[in-house]
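Novice: Can you look at this prediction? I've put the sequence above it.
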Amino acid sequence: MPELPEVETIRRGLQPVLSAGTVTEVEVRHPRMLRRQPVASDFADRMEGSTIGKLGRIGKFLLIEVGDQGNTWVLHMGMSGRMEIAGHGTPEPVHTRVVIRTEAGQEVRMVDTRTFGFVAVYTPEELASSTIARLGPDAWTELPPASGSADKMAGRRVAIKSLLLDQRFLAGLGNIYADEVLFGAGVQGTRPAGSLTTPEIQAIFNTIPKVLAEGLRHGGTSLDDLAYLLPDGRAGQHLDYLSVYGREGKPCRRCGSGIVREKINGRSSYSCVTCQT
DNA sequence: AACGATCCCTGTTGGC
DNA sequence: TGCCAACAGGGATCGT
């Protein structure tokens, strides 16, 4: 499921194809993909004929400048979304939901089996009133110091893992990388956020950039179902390097004891009960 | 305000 | 073998 390293990998892959290009035609094959567009028909109107500017990202949201009205093309991959770059008219994967054609003869396809992803073009006003405006700092480019975050954690009873997944607290971590961060920091995800010591909070914030950098270095994590692929069709290689996620019963890479799986607020969570306290 | 539960979706998996 | 419930989960929304 695309998290920060996967979305950043997608951003980097799309950049050379989209940046400075002009959109000639868009096709939306599944209306659910436009459920966040204030007026669904506005999507094509705002995209077609527009020139693409910079490709940005906050957390798991791709934010792309489009047109000369200050509009933002928003893409979210949900849990099964991916982007594919191809030539016009080449065979499409099943579950192709949105197609963006450019003047240069390339097209970008959003493929999303479960349709948890979405696309939209927001005006500056719509963006300002959207959830994107309420996202926390980006975990990769705007990671705050541990001290300030410790203040926000004081008194909180929520499980630290749930807080790490809260995009208003910190934008970009998902279920895989939250587990990896907690393992790296030696903290159990079930711990109430307010119970963490200063060194534990420091360890978490020291670990976040390391975990994200490794994920990025490997082009992200493609699970066995290959729901996520790079825009050029390759699989991300980070699965082989995960410490805990998806490794139930396998030996901890650090101490050898079995990785345990449990639910935290409905999310599958993996940890080493020896290395994490 | 904080926090947990529920829902959306479909391909895969496991149990009987 | 065949069927079907359970499962996967990011984010919106609702209830407590």
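Specialist: On my side now, so go ahead.
Novice: How is chain A partitioned into domains?
Specialist: Following automatic domain parsing, one finds the domains of chain A at A:4-134, A:146-271.
Novice: count of residues packed around the nearest residue in space to A:Leu165 that is not next to it in sequence?
Specialist: Of all residues not flanking A:Leu165 in the chain, A:Ala178 sits nearest, at 5.5 Å (CB to CB, 6 or more residues apart in numbering). Backbone N, C-alpha and C define where each C-beta goes, glycine included. A:Ala178: 26 surrounding residues under other CB atoms under 10 Å.
Novice: any idea how far DNA strand B is from A:Ala178?
Specialist: 14 Å (CB to the nearest atom of the strand, to the nearest Å).
Novice: these two touch, right, that residue and A:Lys161?
Specialist: Yes. A:Ala178 is within contact range of A:Lys161, at 5.5 Å (criterion: CB atoms under 8 Å).
Novice: Can you work out which residues contact both of those two?
Specialist: By CB atoms under 8 Å, 6 or more residues apart in numbering, A:Ala178 and A:Lys161 have these common neighbours: A:Gly189.
Novice: Dump the domains of chain A to TSV, plus distance to DNA strand C and mean pLDDT.
Specialist: Listed next are those as TSV, based on distance: least, CB to the nearest atom of the strand, whole Å; pLDDT from 0 to 100:
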stretch	distance to DNA strand C	mean pLDDT
domain A:4-134	4	94
domain A:146-271	3	93
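Novice: Can you lay out the ones you listed as CSV showing distance to A:Trp140?
Specialist: Shown next, in CSV, are the domains of chain A (distance: least, CB to CB, whole Å):
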stretch, distance to A:Trp140
domain A:4-134, 6
domain A:146-271, 5
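Novice: Around DNA strand B, pick out the residues from chain A.
Specialist: Proximity of chain A to DNA strand B, by CB under 7 Å from any atom of the strand, involves residues A:32, A:95, A:113-116, A:156-159, A:162, A:193, A:224-225, A:265-266.
Novice: 6 Å - rerun?
Specialist: Neighbours of DNA strand B within chain A, by CB under 6 Å from any atom of the strand: A:Arg32, A:Thr113, A:Arg114, A:Thr115, A:Arg156, A:Arg157, A:Val158, A:Ala159, A:Ser162, A:Asp225, A:Asn265, A:Gly266.
Novice: List the contacts of the second one.
Specialist: Neighbouring residues of A:Thr113 by CB under 8 Å, 6+ apart: A:Ser80, A:His95, A:Ala227.
Novice: List the buried residues of stretch A:149-159.
Specialist: Of all the residues in stretch A:149-159, those buried under the rule 16 or more other CB atoms under 10 Å are A:Ser149, A:Ala150, A:Met153, A:Arg156, A:Ala159.
Novice: Surely the last one is in contact with A:Asn265?
Specialist: It refers to A:Ala159. Yes. Taking contacts as CB under 8 Å, A:Ala159 lies within contact range of A:Asn265: 6.4 Å.
Novice: Helices along chain A, start to end?
Specialist: Counting by DSSP state H, one finds helices in chain A at the ranges A:4-18, A:42-47, A:124-128, A:146-153, A:160-165, A:175-185, A:198-217.
Novice: winner for burial among the ones you listed?
Specialist: Compared across the helices of chain A, helix A:175-185 shows the largest average neighbour count, a mean of 25 (mean count of other CB atoms under 10 Å).
Novice: Which elements pack onto it?
Specialist: In terms of contacts (3 or more CB pairs under 8 Å, 6 or more residues apart in numbering; DSSP states H and E), helix A:175-185 is packed against helix A:160-165, helix A:198-217, strand A:267-271.
Novice: who touches A:Gly81 in this structure?
Specialist: So A:Gly81 contacts A:Pro2, A:Met110, A:Val111, A:Asp112, A:Phe116, A:Gly117, A:Ala227 (CB under 8 Å, 6+ apart).
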